[in-house]
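Asks: sequence and predicted structure are below.
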Amino acid sequence: MTLLWALPVEAAVNTRCARLAPTGGGEVIVNECDRCRIVKITRKRPGNSVPVSRTFNVPAKSTFPVPFRGPGRSRVTSVQACEGDPGGAIELVNPKAKKKAETCINLKRNLRGAIVLANSCSACKAAMIERQDRSGTNGKRQVYKIKGLAAIEVPQLGAAKVGLVGTIDCPK
């Protein structure tokens, strides 16, 4: 008769990678793996019936000081790969990596030196600019609607500074 046991997820990661090592004033976690590890340590103190558990992210091939001091027994209860590493945790809510939002609207200068709002996306965008005087005060804001893959010239109207405040999709 053959018995097969299903190993817990923590057992899939090499538990020998992380260990506790005593130091003069306490203990440190030693990670001997070449990848980051999430190490859970349980500490039992004499006279206290409830053990304390703490979880630490330990970088690859490094040591990490443990905040436990005084009498008691500490032990490593689980070792897991860090999120993003093979065998590590995955984000269940949104498992696909989030893309960085594309910047569609940019303030540029054209060949004549005039300020231009350029839309590099194919969709229509609305952009708000702010004009300020030399001291950075007296800010006046204005909104422009820019068609996809188009550019429009922004008059300075006597302002010393012109800046992009924000952009949104065109209202429909």
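Replies: Right, received. Where do you want to start?
Asks: C-alpha from now on. contacts and neighbour counts both.
Replies: Fine.
Asks: can you pull the domain assignment for the chain?
Replies: Per automatic domain parsing, the domain ranges recorded for the chain read 9-81, 105-169.
Asks: could you say which one of those domains comes nearest to residue 93?
Replies: Minimum separation from residue 93 across these (CA to CA) falls at domain 9-81, 19.2 Å.
Asks: what about the strands in this protein?
Replies: For the chain, the strands defined by DSSP state E occupy 18-22, 27-31, 37-44, 52-58, 62-66, 73-81, 105-109, 115-119, 125-132, 140-146, 151-153, 161-169.
Asks: nearest to residue 87, of the ones you listed?
Replies: Nearest of these to residue 87, taken as CA to CA: strand 73-81 at 5.8 Å.
Asks: quick one: residues contacting residue 146.
Replies: Shown in contact with residue 146 (CA atoms under 8 Å, 6 or more residues apart in numbering): 117, 118, 119, 124, 125, 126, 127, 152.
Asks: where among the domains of the chain is the average confidence lowest?
Replies: Of all those, mean pLDDT reaches its minimum on domain 9-81 (a mean of 86).
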